[in-house]
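S.K.: compute the structure for the input listed below.
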Amino acid sequence: MSSKLKSLTRWSIAPARHVETALTPKVNVLRGLAARATTPLLPDDYLKLLHPLWTARELRGEVVDVRTETEDSATVTIKPGWGFSADYQPGQYVGIGLRVDGRWHWRSYSLTSIPLRDNKLLTITVKATPEGFLSTHLVNGVKPGTIVRLAAPKGDFALPDPPPPKVLFVSAGSGITPLMAMLRSLKARGQRPDIVHVHSAPSADSVIFHDELRELEATQPGYRLHLQLTQQDGKLELEHIGRLVSDWRDRQTWACGPVAMLDAVEAVWEAAGRRDDLHTERFAIARTDKGGEGGTVTFEISDKTIDIDGATSLLEAGEKVGIQMPFGCRMGICQTCVLPLESGYVRDFRSGDEHGAGDRINTCISTASGDCTLKI
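M.R.: Numbers count the residues shown, from 1 in each chain. Prediction:
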């Protein structure tokens, strides 16, 4: 894969035990000194009694506002606690952990706030989906004052500073969210590259940030917007992108949206020999018919087992029995979820390759191919 082709998901984050690496060295030193003075308790045990955000053991935040964007989406504003660095890149995502009914649920969402600005507050804009438990809760159920866990911003789907002179954005649905962070950051910096933005949605009412996009179109020099409202205009035909953007081959392109749209984008750019100019962000992995047979998964250290079918990932299996599994992108890219396979066989969703005992496997894209054991 070209270093310029970026393809990461936004559906999960590393758990709390991996979050500590995001703390600054200064914070860790202070925590170490304080721990010696408060043994056998860590300073966090005292600090959290005073304020829920005063902890160096994990990154935390407090929900301060939830604002409706469309019928099924909302912007959640979060005040991060001690140790969180706001020096992220527009387009990156942040991990969110939320306790619901006694269980922590983890996902990652695009940051829509501007780095090092916005009064040190973070915003994520979330679209509720039928299969998305946490997204639905964030849009419809989370209240100001709720404490969440955070992971440091990550992701290679980011706009460089300074930006290229000519840019093409292609998005659909909630794929607008990382691109909005880029647009807002460019405006805040006073940078004015030549941008063409093609966005697809069923109707004007379903376009997240509709009014803000129209305002940018009217006031921001160099920004041109094409809204493809599919209920009246029909499906966006990317194989004919030249009809909308005649010079698309001359532009660095950032594309984010559903799997089918991104598959089409990649095919068109590949055929034109422009794949190195394309940066993509996938919010979900398309599971193929290359799954395993299913079986009983044993988590050796946790002493838990679960029977799964060949379409359920080992990561999901662990989460179902309450294990805090390590994970990052949930796409088999970031390697955060890698664990050793103690026994048995597993199969990779994407390639169909089978792995046996002793192999280190990506639990987010592997499923059981018969009974197997993981050391966690």
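
S.K.: all helices for this protein, in order.
M.R.: Along the chain, the stretches classed as helices by DSSP state H are 16-19, 25-38, 43-50, 133-140, 176-189, 210-219, 230-233, 259-271, 314-320.

S.K.: helices and strands around the fifth one, which ones?
M.R.: Going back to what we said before, that points to helix 176-189. On a contact count with 3 or more Cβ pairs under 8 Å, 6 or more residues apart in numbering; DSSP states H and E, helix 176-189 meets strand 103-110, strand 122-127, strand 166-172, strand 194-201, helix 210-219, strand 252-257. All C-beta spots, glycine's among them, are computed from the backbone N, C-alpha and C.

S.K.: quick one: average confidence on the second one?
M.R.: For strand 122-127, mean pLDDT is 95.

S.K.: that strand vs strand 103-110, what angle?
M.R.: 100 degrees (axes from the mean of the first three to the mean of the last three Cα atoms, to 10 degrees).

S.K.: what angle do helix 176-189 and strand 122-127 make with each other?
M.R.: With the same axes, to 10 degrees applied, the angle from strand 122-127 to helix 176-189 works out at 150 degrees.

S.K.: show me what strand 122-127 is packed against.
M.R.: With contacts taken as 3+ Cβ pairs under 8 Å, 6+ apart, strand 122-127 sits against strand 59-70, strand 73-80, strand 93-100, strand 103-110, helix 133-140, helix 176-189.

S.K.: reformat the ones you listed into TSV and put distance to residue 356 next to each item.
M.R.: As requested, these are exported to TSV (distance: least, Cβ to Cβ, whole Å):
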stretch	distance to residue 356
strand 59-70	37
strand 73-80	43
strand 93-100	31
strand 103-110	29
helix 133-140	33
helix 176-189	38
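
S.K.: of those, which approaches residue 147 most closely?
M.R.: Residue 147 lies closest, by Cβ to Cβ, to one member of the helices and strands packed on strand 122-127: strand 59-70, at 5.7 Å.

S.K.: please name the spatially closest residue to residue 193 (chain neighbours excluded).
M.R.: Take residue 193 and drop its neighbours on the chain: the residue closest to it by Cβ to Cβ, 6 or more residues apart in numbering is residue 163, 4.8 Å away.

S.K.: the one you found is in contact with residue 185, isn't it?
M.R.: No - with contacts counted by Cβ atoms under 8 Å, residue 163 stays clear of residue 185, the gap being 9.2 Å.

S.K.: for the closest residue to residue 264 other than its chain neighbours, give its distance to residue 298.
M.R.: Spatial nearest neighbour of residue 264, excluding adjacent residues (Cβ to Cβ, 6+ apart): residue 238 at 4.4 Å. As defined by Cβ to Cβ, to the nearest Å, residue 238 lies at a distance of 45 Å from residue 298.

S.K.: which of those two has more neighbours?
M.R.: Shown here are residue 238 and residue 298; by other Cβ atoms under 10 Å, residue 238 has more neighbours (21 against 18).

S.K.: relative to residue 167, how far out is that one?
M.R.: Relative to residue 167, residue 238 is positioned 17 Å away (Cβ to Cβ).

S.K.: cool, residue 361 as well?
M.R.: 38 Å.

S.K.: where are the low-confidence patches of the stretch 151-300 of the chain?
M.R.: Residue ranges of the stretch 151-300 of the chain with pLDDT under 70: 284-292.

S.K.: could you redo the last one with a cut-off of 80?
M.R.: Scanning the stretch 151-300 of the chain for pLDDT under 80 picks out 283-293.

S.K.: check the gap between residue 352 and residue 129 for me.
M.R.: Taken as Cβ to Cβ, the span from residue 352 to residue 129 is 27 Å.

S.K.: buried set for stretch 117-132?
M.R.: 118, 121, 122, 123, 124, 125, 126, 127, 128, 132 (16 or more other Cβ atoms under 10 Å).

S.K.: what number of residues are in the vicinity of residue 304?
M.R.: Applying other Cβ under 10 Å, we find 16 residues neighbouring residue 304.

S.K.: so in terms of bridging, what pairs with it?
M.R.: Listed beta-bridge partners, residue 304: residue 299 (assigned using DSSP bridges).
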